[in-house]
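> okay, structure incoming, though there's no sequence with it:
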């Protein structure tokens, strides 16, 4: 039996070739997930919140470096801060920094809105060409089978395979990035007292809270009535007290007109942030953004003694399907209000006692970036100036807290990048095409101007889903949303 006879008498051998060829073509033109290269539109930074504070913690083994921003809105002579700390730092471990580094981290990690402009008609025309090509291949294959030209068919199969592998998907998006040591009552010890920058620093230790309260009051500090039991709990833990107030003469000499962050650098195995004293004078919920930096780009952080949840984010947008976080176009002019509403809804849904992860990833990459690339270089330069070169991994945690819902201070723990990725994947919030492990990201999209074709009809059908998404994420009234659209 020669090859010609095999071809003629066993025609079924050729059909798998034809089917496989067609299958490969259809697999190759299947809709693909978007790469993150949309136009950055807006960000939700900490300035959205009236009662907010920001802290940077550079964590490396037992070393913790705290940058504590001051958002005090009153007369600077009334400013005072009491921070429980686990050790007595040396004078050289206390300094002042600048607000730029905190602002730069805020901008880089803020939840962001991205706009995509689709070219549906070009994709549709490409589809027509593919369909015509497939029809031609099928017709020729049938003719070859009937004529018994098996060798020619095999050659056609390999040519078709080469074409299917080399040509891009017709639905691949063409998006471009617009892209004095003293003793007081024998129980309060002034461990150290000095001035740094515009601040007078006093470091205290105490054996019981009554004497500590008396010392603070006698030295001009206003102590809330509920502070004593809280101070007692810190004393029982062996904590010291880092007390800061403004030195008016030094403040006026500095000439800045605003309070700069205090930097505290010490070694302790306690990876934590005391927040309870901050609730005593608060009349409403407090917002806190914590930026945790690590030298190891495989290590990030979460809150250990409260749930750490992932903020809703768009990780599923595809060219022919609306995700649960795509939004109407008018949100580009109201993104701050949108994110405030979304966060409040998530805060209430979580039981009001959770921390929220808003960003986790390396500092030197972002996609989409919420700042221009030159700003990222500036941020890395600022870190180097502060002695933080190599701390290139950042976690952004957002906590809304009050005395009732957060009765404990925040305790952090390190987590691996794989842990964050697995949690994001389980929640359907993983970004397989982005260098950021996780980011708060929201999408608006529209067809290119002047697009007229059958695919343009998709956007009319998407409008209801966009409105429903916005209502679901924020709790806003659906009919009002539709009116705005």
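It's in. Model, not experiment: these values are computed from the prediction. Numbers count the residues shown, from 1 in each chain.

> in a strand, residue 115, correct?
Yes. When DSSP: H, G, I helix; E, B strand; the rest coil is applied, residue 115 is found to be in a strand.

> residue 400 is in what secondary structure piece?
Assigned by DSSP states H and E, residue 400 falls within strand 393-401.

> pull up the pairing partners for that strand, direction included.
Here strand 393-401 has these sheet partners by DSSP bridges: strand 286-294 (antiparallel), strand 355-362 (antiparallel).

> okay if I get those as CSV plus mean neighbour count?
C-beta: built from backbone N, CA, C; applies to glycine. Output for those, formatted as CSV (neighbours: other C-beta atoms under 10 Å):
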stretch, mean neighbour count
strand 286-294, 22
strand 355-362, 23
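
> of all those, which lies closest to residue 309?
Nearest to residue 309 among the strands paired with strand 393-401 is strand 355-362 (5.5 Å), distances taken as C-beta to C-beta.

> average pLDDT across that closest one?
Strand 355-362 carries an average pLDDT of 94.

> one more: stretch 275-291?
Mean pLDDT, stretch 275-291: 86.

> just the terminal-to-terminal distance for it.
15 Å (C-alpha to C-alpha, to the nearest Å).

> chain center to it, what's the gap?
From the chain centre to the centre of stretch 275-291 is a distance of 21 Å (C-alpha atoms, centre = their mean, to the nearest Å).

> again, but for stretch 381-400
The answer for stretch 381-400 is 14 Å, by C-alpha atoms, centre = their mean.

> which residue ranges make up the domains of the protein?
Annotated domains of the chain cover 3-30+123-166, 39-71+79-116+179-484 [automatic domain parsing].

> pick the most buried one from those domains.
Greatest average neighbour count among the domains of the chain goes to domain 39-71+79-116+179-484 (a mean of 17), per mean count of other C-beta atoms under 10 Å.

> quick one: contacts of the host helix or strand of residue 459?
Following DSSP H and E, one finds residue 459 within helix 457-474. By C-beta atoms under 8 Å, 6 or more residues apart in numbering, the surrounding residues in contact with helix 457-474 are 120, 312, 320, 322-328, 331, 338, 341-342, 345, 446-447, 476-478, 481-482, 485.

> so which of those are in helices?
Among the contacts of helix 457-474, the ones falling in helices (DSSP state H) are 120, 338, 341, 342, 345, 478, 481, 482.

> quick one: which of these is nearest residue 419?
Proximity of these to residue 419 (C-beta to C-beta) peaks at residue 342, which lies at 24.6 Å.

> quick check: the gap between the closest one and residue 469.
11 Å (C-beta to C-beta, to the nearest Å).

> and the residue most central in space within the chain, what does it touch?
Closest residue to the average C-alpha location of the chain: residue 359 at 2.0 Å, with C-alpha atoms, centre = their mean. When contacts are counted by C-beta under 8 Å, 6+ apart, residue 359 touches 109, 110, 111, 394, 395, 396, 436, 438, 439, 440.

> quick one on the thing from earlier: for the record, mean pLDDT for the helix holding residue 459?
Across helix 457-474, pLDDT averages out at 86.

> got it, and stretch 87-103?
pLDDT averaged over stretch 87-103 gives 94.

> repeat that for stretch 195-208.
On average, stretch 195-208 scores 93.

> now do that stretch: distance from first to last residue.
Taking C-alpha to C-alpha, stretch 195-208 runs 26 Å from one end to the other.

> then stretch 53-72?
One end of stretch 53-72 sits 9 Å from the other (C-alpha to C-alpha).

> mind checking how far that stretch is from the chain centre?
How far stretch 53-72 lies from its chain's middle: 18 Å, per C-alpha atoms, centre = their mean.

> check stretch 82-94 too.
Centre to centre, stretch against its chain (C-alpha atoms, centre = their mean), the figure for stretch 82-94 is 30 Å.

> was I right about residue 289 contacting residue 394?
No. Residue 289 lies out of contact with residue 394 (C-beta atoms under 8 Å); the separation is 11.6 Å.

> any low-confidence regions in the stretch 1-150 of the chain?
The stretch 1-150 of the chain contains residues with pLDDT under 70 at 1-43, 46-51, 71, 73, 118-128, 143-144, 146-150.

> what ranges do the strands span in it?
Along the stretch 1-150 of the chain, counting by DSSP state E, counting those that start in this stretch, strands occupy 39-43, 52-60, 63-68, 80-85, 94-96, 112-118.

> list the contacts of the second one.
The contact list for strand 52-60, computed with C-beta under 8 Å, 6+ apart, reads 46, 64-69, 71, 101-102, 105-106, 261, 271, 273, 278, 286-295, 301, 388, 391, 412, 414.

> repeat that for 7 Å
By C-beta atoms under 7 Å, 6 or more residues apart in numbering, the residues outside strand 52-60 that reach it are 46, 64-69, 71, 102, 105-106, 271, 273, 287-295, 388, 391.
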